Structures are given as structure tokens and as C-alpha cells.
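**Student:** Next input, structure requested:
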Amino acid sequence: MTRQLHFEERLVEINVVRETKEEVITMLAHLLKEQGYVKDSFLAALLEREKVYSTGLPLKKYGVAIPHTDVVHVNEPAIAVAILDQPVQFQMMGSPETDVMADIVFVLAVKEPSEQIFMLESLMNLFQNDELMDTLKHATSRQEAMLLIKREIGLSAPGEVSPAKASKS
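**Tutor:** Modelled structure (predicted):
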């Protein structure tokens, strides 16, 4: 399956300082909106869905969150990522009474429900690799973070070299 998901350097923020999940979600939704990937309704739908269906996931070392919403709010599929300087509180996916301190937030904007499932599965593979999550959390540039994520979720463009491969040359 060819994945037509937009993910570029301008959709990645590192060393983000925000106090709340709403601030982080709003920042990432604005990045997606500025590039025309989502409709005006995307942010409100994203925040409302997060209230009902929490997206925080505790990992071994870090917490992550994967806010997403219905496909009707999306123009073109894309992903935006914030690597936080200090974690912010989300509620745990499937257990909203449990808090998760998220270090990295991935906002998904997908056009097809099947693509959403594929993206969540791809991200789960990344999340299970502690070494890659360490590298991502400590990325020193937006490009480094973008290339790592692209490689791990199967979005690398021909000719792109991942940070891990580049450091071995």
C-alpha cells in the first residue's frame, strides 16, 4: 500500500515548552492548519475527542500521546510531532482515570480510517524500541527527528539517510 501521508520538517517541533495538553495539541493543529492539511474544524474536534477518548500511552521510559480525530476534518493526511522539553499530563488510552506524562506528542490527520489504524500500528513499533525513543527524545534538530520517524514508520523518501545510518558512515 502506498502511503500518501505528509510529514516534513516544518511539522516537527523540538524542545517545546507548553504547560498543558491543550496547548500542545493546539500548537500542532495550527502547524497542520497553516500548511492546509486540516480544516478549520480540526482543532475543536481534536480537543473534544481527547476529552472523550484519551490518547496517552505510558512507555518504559517516556510517555507519548497520539491525538487524532475523525477524517471529515482533514484535507490531506499528515502527521505533526512535538518533542517536549518537560512532559505534560494526558490521560491514558483506555483508562482515562490514569495520568500519563507525555514527552512526545504525535497529532495524526488521516483521510481514511484504515490509514489511521496503519499509522497507530507503525507508531507502536517505534514506541516499543527504547533506543529509538531515546534518540527521538534527545534529537538536536527537527530534521533529525523527522528522518528518524520517517524511517521507522515507513515514510522515508528515496535518497534520505536516517540519523542512525548517517552516524555509522
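**Student:** Point out where the chain drops to low pLDDT.
**Tutor:** Within the chain, the ranges that satisfy pLDDT under 70 run 1-3, 155-169.
**Student:** Could I get the full set of helices for it?
**Tutor:** 21-34, 42-52, 113-127, 130-137, 142-152, 163-168 (DSSP state H).
**Student:** Please convert those helices to JSON lines, extending it with mean neighbour count and distance to residue 101.
**Tutor:** C-beta here means a position set from N, CA and C on the backbone, and glycine is covered the same way. Shown next, in JSON lines, are the helices of the chain (neighbours: other CB atoms under 10 Å; distance: least, CB to CB, whole Å):
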{"stretch": "helix 21-34", "mean neighbour count": "19", "distance to residue 101": "10"}
{"stretch": "helix 42-52", "mean neighbour count": "16", "distance to residue 101": "15"}
{"stretch": "helix 113-127", "mean neighbour count": "16", "distance to residue 101": "15"}
{"stretch": "helix 130-137", "mean neighbour count": "16", "distance to residue 101": "13"}
{"stretch": "helix 142-152", "mean neighbour count": "21", "distance to residue 101": "19"}
{"stretch": "helix 163-168", "mean neighbour count": "12", "distance to residue 101": "25"}
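**Student:** Can you tell me, leaving aside adjacent residues, what's nearest to residue 73?
**Tutor:** Leaving aside its chain neighbours, residue 73 sits nearest to residue 42 (4.2 Å; criterion: CB to CB, 6 or more residues apart in numbering).
**Student:** Tell me how far the one you found lies from residue 35.
**Tutor:** From residue 42 across to residue 35, the span is 12 Å (CB to CB, to the nearest Å).
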